[in-house]
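> what follows is a protein structure lacking sequence information:
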């Protein structure tokens, strides 16, 4: 049972344009959501998070949107840069414990 | 500042051999500790988590086990490796009062 789903295995975007990565979840008890970025053969690095009491959180070029009624969150990267090319994992938890990860979306940013 | 270490970075083991992967965290006390596996082309699967010394919870039944002999040490073990145990193993931690998990560099395990 996949509680966190990233239905797009890959995404290709032109440099300078917006990248939108999507994530859906099924457990309405999730109250904390995170995005991680992962390069090959490295551990994931934390990118940005959002609490269920908010619907938007912004950090530089990265913005996460949360739609609780649709059980959907998205990560926007504007403008996209070639260095953003990586696998992005969506994750969710209840009270910050036992974080559940999606399968990941591989982002390609073309120069 | 806090640091998380994992070793070895890469490991090639024959089927049926034992396994021991170690993870240590520096700069914090009483962290929550986690073991994840990323199989080729797949997401992160939570294997074990621990909220304290000697306290281990298993998420997925398999031939792996975990132990926490010290506050900041988390060990992943197996008595007999299977081919399907190949993957990228990640240790992670978070403080008990925060929610973001921080990951180690990972161990790539290849079982032949």
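Structure received. This structure is a prediction, so every number in the text was calculated from the model and none was measured. Residues are numbered from 1 along each chain as shown, chains lettered A, B, ... in the order given.

> contacts and neighbour counts: CA atoms only from here.
Will do.

> near chain A, which residues of chain B are found?
B:42-46, B:49, B:88, B:90, B:98-106, B:108 (C-alpha under 8 Å from any C-alpha of the partner chain).

> stretch B:74-87: how far from the chain's middle?
The chain centre lies 10 Å from the centre of stretch B:74-87; the measure is C-alpha atoms, centre = their mean, to the nearest Å.

> I meant stretch A:65-73, not that one.
12 Å.

> before we move on, what SS does the spatially most central residue of chain B have?
Nearest to the geometric centre of chain B sits residue B:35, at 3.2 Å (C-alpha atoms, centre = their mean). For residue B:35, the assignment made with DSSP: H, G, I helix; E, B strand; the rest coil gives strand.

> that one reaches residue B:56, doesn't it?
No. Checked against C-alpha atoms under 8 Å, the pair residue B:35 and residue B:56 is beyond contact range at 10.6 Å.

> quick one, what contacts residue B:10?
The neighbourhood of residue B:10, defined by C-alpha atoms under 8 Å, 6 or more residues apart in numbering or on different chains, consists of B:107, B:108, B:109.

> ok, the last one to residue B:84 distance?
Counting by C-alpha to C-alpha, to the nearest Å, the separation of residue B:109 from residue B:84 is 10 Å.

> the more surrounded of those two?
Set residue B:109 next to residue B:84 and count neighbours by other C-alpha atoms under 10 Å in any protein chain shown: residue B:109 wins out with 19 against 11.
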